[in-house]
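Student: Build me a model:
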Amino acid sequence: QVQLVESGGGSVQPGGSLRLSCAASGSIFSINAVGWYRQAPGKQRELVARITSGGSTNYADSVKGRFTISRDNAKNTVYLLMNSLKPEDTAVYYCNGEVERLPKHYQDAYWGQGTQVTVSS
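Tutor: Modelled structure (predicted):
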């Protein structure tokens, strides 16, 4: 079985920073692309940032220049550094990873449970 667990959320004032972590555990052979998504109350879940196994990244226009996604393959962990946070960044943040599992190398997409980020003065 595979689990993705997010951490690092919390409450911060506008202009502040947070770093989210998404740690994968279980019978993992490799982790391919990983995306960070967010869902605000009453809104659809949206892709915030994505990183491939080779390290290529893409970002939603609303977070470009403020958020940075990175990965530590040795730790099976993906990070989302969020700077210059705005009230509109308030949401539950989820990670989604494409994981190749052992022993048969099947690939499935897994979601974490989410972590709340609140930006407010």
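Student: all strands of the protein, in order?
Tutor: 2-7, 10-12, 18-26, 28-39, 46-51, 57-59, 67-72, 77-82, 91-101, 107-111, 115-119 (DSSP state E).
Student: The third one packs against which elements?
Tutor: Pointing back at strand 18-26 there. Other elements packing on strand 18-26 under the criterion 3 or more CB pairs under 8 Å, 6 or more residues apart in numbering; DSSP states H and E are strand 2-7, strand 28-39, strand 77-82, strand 91-101, strand 115-119. From N, CA and C alone the C-beta is placed, and that goes for glycine too.
Student: The first one too?
Tutor: Using 3+ CB pairs under 8 Å, 6+ apart as the contact criterion, the neighbours of strand 2-7 among helices and strands are strand 18-26, strand 91-101, strand 107-111.
Student: The same query, at a cut-off of 10 Å, please.
Tutor: Packing partners of strand 2-7 (3 or more CB pairs under 10 Å, 6 or more residues apart in numbering; DSSP states H and E): strand 18-26, strand 28-39, strand 77-82, strand 91-101, strand 107-111, strand 115-119.
Student: Centre of the chain to the fourth one, how far?
Tutor: Put plainly, it is strand 91-101. Centre-to-centre, strand 91-101 and its host chain are 6 Å apart (CA atoms, centre = their mean, to the nearest Å).
Student: For it, name the packing helices and strands.
Tutor: strand 2-7, strand 18-26, strand 28-39, strand 46-51, strand 77-82, strand 107-111, strand 115-119.
Student: State the mean pLDDT of the first one.
Tutor: In this case it means strand 2-7. Taken as a whole, strand 2-7 has a mean pLDDT of 96.
Student: Off-centre distance for it?
Tutor: Computed by CA atoms, centre = their mean, the separation of strand 2-7 from the middle of its chain amounts to 10 Å.
Student: contacting residues around that strand?
Tutor: For strand 2-7, contacts defined as CB atoms under 10 Å, 6 or more residues apart in numbering pick out 19-28, 31, 34, 36, 76-78, 80, 92-97, 99-102, 108-116.
Student: Which entries within the residues you listed meet the buried criterion?
Tutor: 20-24, 28, 31, 34, 36, 76-78, 80, 92-97, 99-101, 110, 112, 114-115 (16 or more other CB atoms under 10 Å).
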